[in-house]
Structure formats: C-alpha cells, structure tokens
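J.: I would like to see how this sequence folds:
(4 chains)
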Number of protein chains: 2
Amino acid sequence: MALEHLFQGSALNAVDAKGRVSIPSFLRGVIERRGDARTIVLAKHESFPCLSAYDPAYAALKHAKLERLLEKEETNADAQLEYQQRNLMAFAATEEVPYDSSGRILLPPLMRRKGQIGELALFLGTGETFQIWNPELLLKDPRIPDDLKDIARFRLDERGASA
Amino acid sequence: MALEHLFQGSALNAVDAKGRVSIPSFLRGVIERRGDARTIVLAKHESFPCLSAYDPAYAALKHAKLERLLEKEETNADAQLEYQQRNLMAFAATEEVPYDSSGRILLPPLMRRKGQIGELALFLGTGETFQIWNPELLLKDPRIPDDLKDIARFRLDERGASA
DNA sequence: CGTTATCCCACGAAAACCCATTGTATCCCG
DNA sequence: CGGGATACAATGGGTTTTCGTGGGATAACG
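T.: Okay, the predicted model is just below:
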C-alpha cells in the first residue's frame, strides 16, 4: 500500500493568540496531491508526547487496514476487543480540521492540550503521516535521536528563540 | 531492488550569494530517468561530513523497506521504537527541494550548515545516491582514497581555485 | 450583550520565476 | 583540417509571487 506522496521535512511555526497555526506549505502540498481535501486529521501520538497528523485519504486507508486485520482473526475474542479499541482510537479520539485559504488551522483546544503545544509548533514529516511537537518536549525526550534534536535547535535559532 | 540508472561522475559548482547551486546536468539526467520528478532529497550523510542526495523515487523505496521490516515484528515494543526513530531520521531529518528550469536548487540553510557547504559544492555520484561535499573537507578526510582526492584537486584547478 | 469562531485584508521576508551573459563543447561547412 | 556558428550548461541579477503572520471586522452563539 505504498503511498505515492510522502511527508518530509521540518518547520517551526508560531501559534498565535487565537490558537491559529500555519500548516507548512510543503506538507499542504502532499495533502493536496494525495486527495483534494484541504483538511487534516489530528490525533494524540500513540507513544510520543506530541500530535500525529495526516490527511483524510490516509485515515480511510488506515480504516481499511484494520478491517482486513479483523477478518483474518474473526474467531478470536481478544482480536475482536483489540479491533474495537483501535477503531475507537482511530476515529473517536481524532479531530478533523479544515485549513483556510492562507493555510492555517485553528488548533482545537483538546488537541492542543493533548499535545502540550505552546506558542511554537514543530512540524516533522514522517512519511505517511507527520507529527506536531512542542519543541521543548522533543528536546527533553530521551528516545529522540540527537541529530533530530539538532534540527529542532536549528529551527529555534532561525527564529531567534534561545533553547 | 537494483535501480536501473545510477549516479556517477563528479563536478564542482559554485554556490551563489542567494544560496543557489546548479545540480550537474548528468545527475539531473539520472533523476529524470528514474522518475519524472524534478526534485532532489537532501540529508546529512550518516558517516561523512557531507550531504547525501537522491531522488524521491529512491526515498519511497527506502520507506517501503522500513515498512516491511516493521510488519515482521509488529508485536515487539523495541522494534516499534526503532521504527519510529528511523522514520524520523529518514523523513524529518531530510528536505525535499525542487530544481528550476535552469537546474538549480536553493540549498536550504539547515542542510548547508549540516554539510558545511561554503562557496563551492563538489558533487560525487555514488550509484544509488550522490554526495555533496565541501571540497576542503574532502581533502582533509583521512578516510577518502587519494585517487578521489586527486579528482577533487583537479576540479579545483579547473576552476582556478588553489587548494 | 459578551464571548467566540470566521472571514478578510495587510505587511515583510523569503522563495520562485524570468531574463541575460558567459564559457565550453559540439557541429557544420568551407 | 580549421574556423565559425550553434546548443547547452552554469551563473548573475532583477522582479514577481507565495508564505507565514498579525490585526481587525463581521457573524454566530450562549
């Protein structure tokens, strides 16, 4: 199921007083090439303290994948439960938000809290999806490779922020 | 996954005041034969102080490989984390840049710093990918074969640069 | 009414685009 | 074989467009 267009690159954008953030144009480009939506889906990342984001087309793909997994193990009660749980996470625990003509979304308060996003949002492409981080949390996380932290520091410097 | 067209050869091009560099036409030829993109992907080389570059088709291949590895060990928590880390390095720590009709890219400041590229950029084909070096650093590196350094010196002479 | 979400416009910086020049390798024709 | 013309690559510079961002006006909602 290799997707043709992949999310790649990094950017650090400001969250303004109203809670608005620009989605970097190179990520929007991928979203619009994958489908014709001008919308992103947000979720809490399953293992990192950040948000996971993708386009509606990818959400549909993910759903299909889950379905197939279920059919394989239809008799297994544990598998049934796991399916229910994952399905809930994939849809109930996500929010879909449109971006406007200038490429900005209004970061929903729930997600902003879940991702602990402050005044700065660090966008990281990860292929099929991308992540949105509070840069300070990324720098603190021991699981993040140093080379990537260097990039985060560079993005902070670029902007004049210390850290 | 042997790719049909391979990067080979060397060239030394200037980085201008705006940070633009021409991608040598013999490398562009390979990129455009591999896919129809007019785009290259840049990353810090994992062991040399230079940049590694390739085409988007190669990036997609690399991604598919990672995916397959993951599916084999879906239950293993360590494998999950390692997958996340590799994915971050492969996509967040890279930048995709298009080249214009005259074959130039705008070398992103992040990559320019990571690769320590100054006013001159030495391009070296290495088969599936190619490298972009600061020629001075290549000449200094003890791991580089003398024959290759001779080539670098030749390219510098050609241009009138001393070194 | 006061508070919150949408929409619209405005600005500065950066990036993409277009055009012009140079140098070099190639080709054609005398 | 030589010399001029041609095509393309690399580079420099100027101009236009886009992107990220702030602020205000308008509309919805409690």
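J.: right, and residue A:51 touches residue A:40 too?
T.: No: between residue A:51 and residue A:40 there is no contact under C-beta atoms under 8 Å: 10.0 Å. Where C-beta positions appear, they are placed from N, C-alpha and C, glycine not excepted.
J.: do you know how far residue A:124 is from residue A:152?
T.: To residue A:152, residue A:124 is 9 Å away according to C-beta to C-beta, to the nearest Å.
J.: so the two - more neighbours on which side?
T.: More neighbours surround residue A:124 than the other of residue A:124 and residue A:152, with 27 against 21 (other C-beta atoms under 10 Å in any protein chain shown).
J.: which parts of stretch A:49-58 are buried?
T.: Residues A:50, A:51, A:52, A:53, A:54, A:55, A:56, A:57, A:58 are the ones in stretch A:49-58 that count as buried (16 or more other C-beta atoms under 10 Å in any protein chain shown).
J.: nearest to chain B: which residue in chain A?
T.: residue A:124 (3.8 Å; C-beta to the nearest C-beta).
J.: now the residue nearest to that residue when sequence neighbours are not counted: phi and psi?
T.: Spatially, and ignoring its direct neighbours in sequence, residue A:124 is nearest to residue B:92 (3.8 Å; C-beta to C-beta, 6 or more residues apart in numbering or on different chains). In terms of degrees, to the nearest 10, the main-chain angles of residue B:92 are phi -70, psi -30.
J.: residue A:121 too?
T.: Backbone torsions for residue A:121, taken as degrees, to the nearest 10, come to phi -120, psi 120.
J.: ok, what's across the strand from it?
T.: residue A:13 (DSSP bridges).
J.: wait, isn't it in contact with residue A:133?
T.: Yes: with contact defined as C-beta under 8 Å, residue A:121 and residue A:133 form a contacting pair (7.4 Å).
J.: returning to what we had before: by contact count, what packs against the helix or strand hosting the residue of chain A closest to chain B?
T.: Using DSSP states H and E, residue A:124 sits in strand A:120-125. Using 3 or more C-beta pairs under 8 Å, 6 or more residues apart in numbering or on different chains; DSSP states H and E, the elements in contact with strand A:120-125 are strand A:10-14, helix A:25-34, strand A:130-133, helix A:135-140, helix A:146-158.
J.: distance of residue A:33 from residue A:3?
T.: According to C-beta to C-beta, residue A:33 and residue A:3 sit 10 Å apart.
J.: could I have stretch A:114-128 exported to CSV, CA atoms only?
T.: In CSV, the C-alpha atoms belonging to stretch A:114-128 read as follows (Å, rounded to 0.1, in the frame of the first residue of the first chain):
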residue,chain,number,x,y,z
LYS,A,114,-3.1,16.5,24.5
GLY,A,115,-0.1,17.5,22.5
GLN,A,116,1.0,20.1,25.1
ILE,A,117,1.5,22.6,22.3
GLY,A,118,2.5,26.1,23.5
GLU,A,119,3.4,29.1,21.4
LEU,A,120,5.5,27.2,18.9
ALA,A,121,4.6,24.1,16.9
LEU,A,122,7.4,22.0,15.4
PHE,A,123,6.2,20.0,12.3
LEU,A,124,8.1,16.8,11.4
GLY,A,125,7.3,14.8,8.3
THR,A,126,7.4,11.1,8.9
GLY,A,127,6.4,9.6,5.5
GLU,A,128,2.8,8.5,5.6
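J.: check the offset of that stretch from the chain's centre.
T.: Centroid separation for stretch A:114-128 versus its chain: 7 Å, with C-alpha atoms, centre = their mean, to the nearest Å.
J.: I'd like the next helix or strand past the biggest helix by length in chain A.
T.: In chain A, with assignment by DSSP state H, the single longest helix is helix A:56-72. Next helix or strand after helix A:56-72 toward the C-terminus (DSSP H and E): helix A:77-91.
J.: so what's residue A:110 up against?
T.: Counting by C-beta atoms under 8 Å, 6 or more residues apart in numbering or on different chains, residue A:110 touches residue A:95.
J.: tell me the SS of it?
T.: helix (DSSP: H, G, I helix; E, B strand; the rest coil).
J.: what residues does chain A put near DNA strand D?
T.: Contact residues (C-beta under 7 Å from any atom of the strand) of chain A with DNA strand D: A:11, A:13-14, A:16-18, A:21-25, A:28, A:102-104.
J.: and residue A:43, how far from residue B:24?
T.: In this view, residue A:43 and residue B:24 are 43 Å apart by C-beta to C-beta.
J.: for residue A:132, that is, sorry about that
T.: Applying C-beta to C-beta, the value for residue A:132 to residue B:24 is 37 Å.
J.: residue A:146 now?
T.: Applying C-beta to C-beta, the value for residue A:146 to residue B:24 is 32 Å.
J.: can you pick out the residue with more neighbours from the two?
T.: Higher neighbour count among residue A:146 and residue B:24: residue B:24, with 19 against 7, using other C-beta under 10 Å.
J.: ok, that one to chain A distance?
T.: Residue B:24 sits 23 Å away from chain A, going by C-beta to the nearest C-beta, to the nearest Å.
J.: contacting residues for that residue?
T.: By C-beta under 8 Å, 6+ apart, the contact list for residue B:24 reads B:9, B:11, B:13, B:123.
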